[in-house]
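[1] All I have is the shape, not the residue letters:
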């Protein structure tokens, strides 16, 4: 799919000025980078939720400490994802 998209962009860009083509490719790169960051964060938080649910099901008396650890870990993952999004946007607009 990505090869098709890049092929379509290259078919359109031969008559484009170098600066316009550079802006187009930087926007594409920032979009792909931001998308990968969001997908990775979603997968990580999903795995945390799955593991926490299984752990609470096996040992209900430890639910409080498991939930605390889960929330802290999810917050750290969200922080890294936000940092990746900011970096992708800085690369595009910086």
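    Nice, I can see it. Note that the structure is a prediction, hence the values are computed from the model and not measured.

[2] Flag every buried residue along stretch 10-23.
    residue 21 (16 or more other CB atoms under 10 Å). Heads up, the C-betas are built off the backbone N, CA and C, glycines and all.

[3] can you tell me the average pLDDT over that stretch?
    Taken as a whole, stretch 10-23 has a mean pLDDT of 73.

[4] List the contacts of it.
    Under the contact criterion CB atoms under 8 Å, 6 or more residues apart in numbering, stretch 10-23 has outside partners residue 24.

[5] In the protein, which residue sits furthest out from the middle?
    Most distant residue from the mean C-alpha position of the chain: residue 61, 34.3 Å away (CA atoms, centre = their mean).

[6] Would you quantify the distance from it to residue 87?
    Applying CB to CB, to the nearest Å, the value for residue 61 to residue 87 is 42 Å.

[7] Tell me the helix or strand right after the lowest-mean-pLDDT helix or strand in the chain.
    The weakest-scoring helix or strand in the chain, judged by mean pLDDT, DSSP states H and E, is helix 2-12 (a mean of 73). Note on helix 2-12: by DSSP states H and E, the next helix or strand toward the C-terminus is helix 18-58.

[8] in this structure, what spans have low per-residue confidence?
    Residues of the chain meeting the criterion pLDDT under 70: 1-2, 12-13, 94.

[9] what do you get if the cut-off is 90, keeping everything else the same?
    1-35, 84-94 (pLDDT under 90).

[10] residue nearest the centroid of it?
    residue 37 (1.5 Å).

[11] For that one, give me its contacts.
    81, 84-85, 88.

[12] Those residues in helices, which ones?
    Those of the contacts of residue 37 mapping onto helices are 81, 84-85, 88, per DSSP state H.

[13] now those as a markdown table including neighbour count and distance to residue 24?
    Listed next are those as a markdown table, based on neighbours: other CB atoms under 10 Å; distance: CB to CB, whole Å:
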| residue | neighbour count | distance to residue 24 |
| --- | --- | --- |
| 81 | 19 | 25 |
| 84 | 17 | 22 |
| 85 | 17 | 20 |
| 88 | 19 | 16 |
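
[14] Cool, thanks, signing off.
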